[in-house]
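# Here is my input, please return the structure:
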Amino acid sequence: MNYKSITYSKILILLLGLINGMISSAKAQEAASPAKPGPPSPPIPLELMFGHEQLNFQLIVKKKFSPTSKFDLLVISVFSENWNQENNLGNSVVIPFQFNYNIGKKGFAIAAGGEGNSVVGFSPLVGLEHSYASKKWLAITVLNYLINEEQDLKLFGLYEFKPPINETWSLYSRVQFVYNLGLAENQHNRSFLYLRLGLKKGPLGFGLGANWDQYGSEKVAKDNFGVFTRWEF
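Predicted coordinates:
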């Protein structure tokens with residue numbers, strides 16, 4: 001059995017267990033002691049994209065430890081698998097997670113955590129985050145420094161716009177990107193741009209997707225175009 005598969009399965013199980021515990025705890029506290037309504041919590045979206053080259057899976061969790069806590073957890077689990085089993089470029093499991101301490105009420109936070117990557121292994125990280133959530137908008141921007149041999153500086157952005165069309169349907173659009181620069185040799189390590197455009201009805205979303213990925217110092221490109229479906233828990 002593959003060692004990496006065992007390791008990342010354990011990481012995923014532990015993280016999902018922690019996330020489930022946090023959500024249950026937060027719901028119990030909200031029921032026991034209702035507080036004044038604050039900014040809406042981002043949903044927990046699970047997305048599958050069926051492209052012409054790859055199957056992509058993504059799960060994003062951003063959740064406070066309690067309704068009044070200054071601490072929250074951000075986990076972004078991404079799995080990519082090529083339909084062509086002889087082509088390994090782009091096959092990966094990446095699970096960055098970070099514990100944020102929120103500063104003030106403007107959405108800024110300092111972060112510490114780690115990133116599990118099936119290609120390069122595990123790296124601790126520190127960073128900064130800004131987030132904003134409303135019924136129409138979700139915006140998350142993260143700047144991380146990974147403590148590894150490459151000294152990766154990673155900028156992540158995720159921006160959703162969900163304006164209502166009528167009482168039942170909404171437009172769903174998203175821009176998501178990563179740019180990872182290895183400071184040790186001042187070279188590009190990894191970057192991508194993901195676009196989504198579709199419709200949303202309650203927790204269900206679906207539509208068209210486009211992924212543009214680049215790998216390594218030579219920026220070897222891989223594209224994936226297809227359809228996506230998502231569910232917000």
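# hey, where'd the helices end up in the chain?
Remark: helices assigned in the chain by DSSP state H are 3-32.
# which intervals of it have sub-threshold pLDDT?
1-41 (pLDDT under 70).
# what's the single longest strand in it?
Longest strand in the chain by number of residues (criterion: DSSP state E): strand 187-201.
# Please look at residue 175 and residue 195 and confirm they touch.
Yes: at 6.2 Å, residue 175 and residue 195 qualify as touching, with contact defined as Cβ atoms under 8 Å. Where C-beta positions appear, they are placed from N, C-alpha and C, glycine not excepted.
# mind listing what the residue nearest the centre of the chain touches?
With distances taken as Cα atoms, centre = their mean, the residue of the chain nearest its centroid is residue 76 (3.2 Å). By Cβ atoms under 8 Å, 6 or more residues apart in numbering, the contact set of residue 76 is 58-60, 94-97, 156.
# and these, which two are the farthest apart?
59 and 156 (15.0 Å; Cβ to Cβ).
# What remains of the contacts of residue 76 if I keep only buried residues?
Neighbour-count burial (16 or more other Cβ atoms under 10 Å) applied to the contacts of residue 76 gives 58-60, 94-97, 156.
# what bridges to residue 231?
Beta-bridge partners recorded for residue 231 (DSSP bridges): residue 46, residue 204.
# what's the burial count for it?
Here the number of neighbours of residue 231 (other Cβ atoms under 10 Å) works out to 15.
# ok, now which ones touch residue 194?
174-177, 209-212.
# Need those residues in TSV (columns: neighbour count and distance to residue 126).
Formatted as TSV, the contacts of residue 194 follow (neighbours: other Cβ atoms under 10 Å; distance: Cβ to Cβ, whole Å):
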residue	neighbour count	distance to residue 126
174	22	27
175	14	25
176	19	22
177	15	21
209	24	32
210	16	32
211	23	28
212	15	28
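# mind listing which of these are in strands?
Using DSSP E, the contacts of residue 194 in strands are 174-177, 209-212.
# Distance of the residue nearest to the centre of the chain relative to residue 61?
According to Cβ to Cβ, to the nearest Å, residue 76 and residue 61 sit 8 Å apart.
# ok, now residue 192?
20 Å.
# ok, these two, which is more surrounded?
residue 61 (24 against 20).
# circling back to that earlier point, what separates the longest strand of the chain from the chain centre, distance-wise?
In terms of Cα atoms, centre = their mean, to the nearest Å, the centre of strand 187-201 is found 11 Å from the chain centre.
# Many thanks, have a good one.
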